[in-house]
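Chemist: Task: produce atomic coordinates for the following.
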Amino acid sequence: MPVIILGVDPGSHATGYGVVETVPVARMMAGGVIRAPRQAPLADRLLVIHEELTRVIAAHAPEAMAVEDLFNAKNARSSLILGHARGAILLAGSQAGLAVAEYAPREIKKALTGNGAAAKEQVRFMVIRILGLRESPPLDQSDALAVALTHAGRAARPQGRR
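Modeler: Predicted structure coming up:
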């Protein structure tokens with residue numbers, strides 16, 4: 001039975017999203033990058049992220065949301081701001097009643113490429129290949145699609161093998 005998964009790659013300026021339907025072969029239903037105004041106050045950027053993701057959820061009715069977890073940013077302020085963006089994203093999913101899963105960047109890279117230290121371009125290459133895309137999506141979008149594909153693969157495993 002097909003399942004629709006929304007994958008999200010958080011960012012306070014650019015948040016990637018990708019909607020994947022799992023059928024015998026996964027297919028991309030939608031994807032894009034939510035761009036919040038760079039000069040806007042953080043609260044306004046968070047509102048843009050939340051509102052746009054809420055629209056994506058309403059338009060595609062996913063059953064699950066998968067979000068990339070925090071990574072070790074170069075400084076504490078960057079981590080804190082990214083945490084705020086993730087909060088707005090998690091809130092949108094929770095308000096819609098979605099099951100929300102979180103995956104570490106290394107886990108996503110390993111799931112798609114077999115290498116937890118793979119470059120973003122390697123991940124994008126595998127996303128294109130797995131989904132049979134004709135065009136190369138922006139990195140933020142391909143990262144979000146990678147999160148959705150990781151969740152699809154994890155959710156398909158029997159419970160005892162996680």
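
Chemist: Buried residues of stretch 123-134, list them for me.
Modeler: 123-128, 130-131, 133 (16 or more other C-beta atoms under 10 Å). Every C-beta, even on glycine, is put in place using the N, C-alpha and C of the backbone.

Chemist: repeat for stretch 56-76
Modeler: Buried, per 16+ other C-beta under 10 Å, within stretch 56-76: 56-57, 60, 62, 64-68.

Chemist: Can you check the distance spanned by that stretch, start to finish?
Modeler: 30 Å (C-alpha to C-alpha, to the nearest Å).

Chemist: which stretches of this structure form strands?
Modeler: 3-9, 14-22, 27-35, 64-68, 99-103 (DSSP state E).

Chemist: and the last one with strand 64-68, angle?
Modeler: Here strand 99-103 points in a direction 20 degrees away from that of strand 64-68 (axes from the mean of the first three to the mean of the last three C-alpha atoms, to 10 degrees).

Chemist: With the first one instead?
Modeler: Here strand 3-9 points in a direction 20 degrees away from that of strand 64-68 (the same axes, to 10 degrees).

Chemist: elements contacting strand 3-9?
Modeler: The contact analysis (3 or more C-beta pairs under 8 Å, 6 or more residues apart in numbering; DSSP states H and E) places strand 3-9 against strand 14-22, helix 42-60, strand 64-68, helix 139-156.

Chemist: Verify the stated contact: L112 with F125.
Modeler: No - taking C-beta atoms under 8 Å as the definition, L112 is not a contact partner of F125, at 9.1 Å.
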